[in-house]
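**Q** next input, structure requested:
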Amino acid sequence: QQQQQQQQQDGLTPAAAGEASLLGEADAAAGKGSGADHLYEVGTFAQVHTILAGDSADSAQLLLLGHRRLKREAVLSPVPLRVGVSHLRDESYVNDDITKATSMELVNTMKDLLNMNPLYGEQFRTLMSLTGSIDLNDLSRLVDAAASLTSADDVTLQGILETLHVPTRAQRVLELLKKEVELCKLQQDIREQVEAKIMKEQRRMILMEQLKSIKRELGLEKDDKASLLAAFQAKWEPKAAAAPEEVRKVVSDELDKLSGLEPVSPEFNVTRTYLEWLTSLPWGVHSKEVFDIQHAQQVLDEDHFGLQDVKARILEFIAVGRLRGSAQGKILCLVGPPGVGKTSIGRSIARTLGRKYYRFSVGGLYDVAEIKGHRRTYVGAMPGKMVQCLKSTGSSNPLVLIDEIDKLGRGHTGDPASALLELLDPEQNSGFMDHYLDVPLDLSKVLFVCTANVLDTIPGPLLDRMEVIRLSGYTSDEKRSIARRYLEPQALTDSGVPADVVGLTDPAMDSLIDEYCREAGVRNLKKHLEKIYRKAAFKLVQQGAKLVAVEPAAAAAADAAADKQQQGQEKEPPAAAADPAA
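**A** Next up, the predicted model:
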């Protein structure tokens, strides 16, 4: 009877402290301690209120009601563990104004906490349903109830449990409540920011959908997918008649597939990109070829000096094409040292025939996908160089210059030289299959011209498909003519030097060619000429030369009259003389 009266007088203690002691017992059961070492000195006299079965047969959840504080005094028996305890009472204190103010602040802080977070309110209502109302004048019970609302760690709550001086315990619990309030405010700010961002995006999305609906109702705008399908249809209709039957079937199936997909679907973008490539290729579009021997001779002489053997072979090639009606069926390979004009000859052939020109270099190429494309299943897949060439030129019969074919690489992704066998074989490239398009592509009307420095590194099967034209190089007289006709005017233009101010004499040109530029090509000669005229430009600027804008004839006459009137008052700087050293 005396014990029951003591339970009614002492009231509640923090639930978290009772949980801490139970955690200590669980550690002991796991073998982490022996005897009473795993227990705190101060614990809680608790009553088992509810037992809930756990997930497994040997587990359960307990709901405990703490009644008063206990202190372990002695261990009576280790197995089963029995300890002797003493009941602790709160230390006496004076209920002064500070204590009353602390009590009122505790109540106000608890109200703020319960209003901010509904979870605290539910926990507090559960506590009240089990223990009844709390006397606000009883500071000890009020502090213990407030401590049960905090989310402090076990060590902090154990310290509060062991504090018997009520005003000190009230101060510590008030600090914990204030931290909980600040934590709730921070949580509320984060929630408001996230909700505001979501509301803004949702509002913008709703307004955009309303705007699209209004435009569709007024006829100002079509649906995105409908307009995209209409654009593909408009691009495909002029080319559908000349496209192969297999290509027409694939395009029709892809358009039907696109119409049934949602724009947010990943497959929608893959199908759209595939249709863009299919409808952009020049199916049945050809450039009109020109097989004029006189025109070809004129173009070759304008672009190149010398190389009579090479020009004769190109003219023979054009003559055969005129008799046959087409220049297809031959793969030319221009072989020679660097700087002899292999790439520029390929450009001149395209200009002669009236074909579109496309160049790509395979020097150091080690990935077969660069030639035959990637599979569409890969992210960021792209077609090969030939499909890109046809889309870029807009013609089915361009001239394709494959540069540096003797420098092909080979890696773990395949052998590009083997992939070129199908591309450069006139008997096979009429049905060239790109991995990305996955439809036959007719490349039989494409004229391929390859360039190489040596033939030793070109694989035999690939070399067997090409007709080799050798460019041996230029003689000194040919270099002199090339320098006077092409290189020197270009160097003058690039350096900004007037042609009538600085010049290079014939002995100086001969000395430059014979002593400094003895290689087969003219690339090094071009560099030396640019270097000479850069130095001449530097000397001209040092001597006071400046850029003068050329005026119309009338303005020039007026300026001449004004110069005569001012003659003697202002002396113009003398023009720079030609430098003999240059």
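**Q** going forward, measure contacts and count neighbours with C-alpha atoms only.
**A** Fine.
**Q** ramachandran coordinates for the residue most central in space within the chain?
**A** For the chain, the residue sitting closest to the mean C-alpha position, by Cα atoms, centre = their mean, is residue 380 at 10.9 Å. Dihedral pair for residue 380: phi 70, psi 30, per degrees, to the nearest 10.
**Q** how much space between residue 155 and residue 64?
**A** For residue 155, the distance to residue 64 equals 19 Å [Cα to Cα, to the nearest Å].
**Q** the more surrounded of these two?
**A** residue 64 (16 against 11; other Cα atoms under 10 Å).
**Q** show me what the one helix or strand residue 142 maps to is packed up against.
**A** Per DSSP states H and E: residue 142 is located in helix 139-147. Packing contacts for helix 139-147, counted by 3 or more Cα pairs under 8 Å, 6 or more residues apart in numbering; DSSP states H and E, involve helix 97-116, helix 166-218.
**Q** how far is it from where the chain is centred?
**A** Distance of helix 139-147 from the chain centroid (Cα atoms, centre = their mean, to the nearest Å) equals 58 Å.
**Q** can you check stretch 167-175 too?
**A** Going by Cα atoms, centre = their mean, the spacing between the C-alpha centre of stretch 167-175 and its chain's C-alpha centre is 56 Å.
**Q** for it, C-alpha coordinates in PDB please.
**A** Taking Å, rounded to 0.1, in the frame of the first residue of the first chain, the C-alpha atoms of stretch 167-175 are listed here in PDB:
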ATOM      1  CA  PRO A 167      15.100  23.700 -11.600                       C
ATOM      2  CA  THR A 168      18.300  22.400 -13.200                       C
ATOM      3  CA  ARG A 169      16.500  19.700 -15.000                       C
ATOM      4  CA  ALA A 170      13.900  22.200 -16.200                       C
ATOM      5  CA  GLN A 171      16.600  24.400 -17.700                       C
ATOM      6  CA  ARG A 172      18.200  21.500 -19.500                       C
ATOM      7  CA  VAL A 173      14.800  20.300 -20.900                       C
ATOM      8  CA  LEU A 174      13.900  23.800 -21.900                       C
ATOM      9  CA  GLU A 175      17.100  24.000 -24.000                       C
END
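**Q** buried set for it?
**A** 167, 169, 170, 171, 172, 173, 174 (16 or more other Cα atoms under 10 Å).
**Q** from residue 147, how far out is the closest residue to the first one other than its chain neighbours?
**A** Read it as residue 167. Sequence neighbours aside, residue 99 is the residue nearest to residue 167 in space, at 6.4 Å (criterion: Cα to Cα, 6 or more residues apart in numbering). Distance, residue 99 to residue 147, using Cα to Cα: 17 Å.
**Q** equivalent analysis for residue 343, please.
**A** From residue 343 to residue 147 the distance is 87 Å (Cα to Cα).
**Q** cool, and residue 218?
**A** Taken as Cα to Cα, the span from residue 218 to residue 147 is 65 Å.
**Q** who has more neighbours, those two?
**A** Higher neighbour count among residue 218 and residue 147: residue 147, with 26 against 10, using other Cα under 10 Å.
**Q** so the more buried one makes contact with residue 171?
**A** No. Using Cα atoms under 8 Å, residue 147 is not in contact with residue 171; the gap is 11.0 Å.
**Q** which regions of this protein sit below the pLDDT cut-off?
**A** Within the chain, the stretches with pLDDT under 70 are 1-35, 130-133, 216, 219-223, 327-329, 411, 413, 545-582.
**Q** and the longest strand for it?
**A** strand 60-77 (DSSP state E).
**Q** could you list the buried residues of that one?
**A** 64, 65, 66, 67, 68, 69, 70, 71, 72.
**Q** tell me the spacing between the second one and residue 148.
**A** If I follow you right, that is residue 65. For residue 65, the distance to residue 148 - Cα to Cα - is 12 Å.
**Q** before we move on, what about the fifth one?
**A** Relative to residue 148, residue 68 is positioned 14 Å away (Cα to Cα).
**Q** the first one too?
**A** Residue 64 sits 13 Å away from residue 148, going by Cα to Cα.
**Q** before we move on, what about the last one?
**A** Going from residue 72 to residue 148 by Cα to Cα gives 23 Å.
**Q** could you dump the buried residues of stretch 167-175 to CSV with distance to residue 456?
**A** What follows is these, written out as CSV (distance: Cα to Cα, whole Å):
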residue, distance to residue 456
167, 98
169, 94
170, 94
171, 92
172, 89
173, 89
174, 90
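**Q** going by distance to residue 498, which of the residues you listed wins?
**A** Nearest to residue 498 among the buried residues of stretch 167-175 is residue 174, at 91.1 Å by Cα to Cα.
**Q** give the contact list for the nearest residue to the closest one once chain neighbours are set aside.
**A** Excluding its sequence neighbours, the residue lying closest to residue 174 (Cα to Cα, 6+ apart) is residue 106, at 6.1 Å. Residues near residue 106 by Cα atoms under 8 Å, 6 or more residues apart in numbering: 143, 146, 174, 177.
**Q** report how many residues lie close to the second one.
**A** What it means is residue 146. The burial count for residue 146: 22, using other Cα under 10 Å.
**Q** the last one now?
**A** Neighbours of residue 177 under the rule other Cα under 10 Å: 23.
**Q** now it: how far from residue 45?
**A** Taking Cα to Cα, one finds residue 177 at 25 Å from residue 45.
**Q** can you check the first one too?
**A** Counting by Cα to Cα, the gap between residue 143 and residue 45 amounts to 17 Å.
**Q** these two: who's more crowded?
**A** residue 143 (26 against 19).
**Q** dig out what residue 63 forms beta bridges with.
**A** Under the criterion DSSP bridges, residue 63 forms beta bridges with residue 50.
**Q** contacts only, for it.
**A** Contacts of residue 63 by Cα under 8 Å, 6+ apart are 48, 49, 50, 51.
**Q** looking at those, which is nearest residue 111?
**A** For the contacts of residue 63, the nearest to residue 111 is residue 49 (27.1 Å; Cα to Cα).
**Q** burial check on the closest one, number of neighbours?
**A** By other Cα under 10 Å, 10 other residues sit near residue 49.
**Q** dump the residue contacts of it.
**A** 62, 63, 64, 65.
**Q** out of those, flag the one nearest to residue 190.
**A** Closest to residue 190, out of all of the contacts of residue 49 and judged by Cα to Cα, is residue 63, at 33.4 Å.
**Q** residue 53 versus that closest one, what's the distance?
**A** Distance from residue 63 to residue 53, by Cα to Cα: 12 Å.
**Q** now do residue 226
**A** 60 Å.
**Q** now swap in residue 164 and tell me
**A** On the measure of Cα to Cα, residue 164 and residue 53 end up 36 Å apart.
**Q** the two: who's more crowded?
**A** The neighbour comparison of residue 164 against residue 53 (other Cα under 10 Å) goes to residue 164, with 17 against 11.
**Q** pretty sure that one contacts residue 87?
**A** No. Residue 164 is not in contact with residue 87 according to Cα under 8 Å; the separation is 11.8 Å.
**Q** I'm done for today, thanks for sticking with me.
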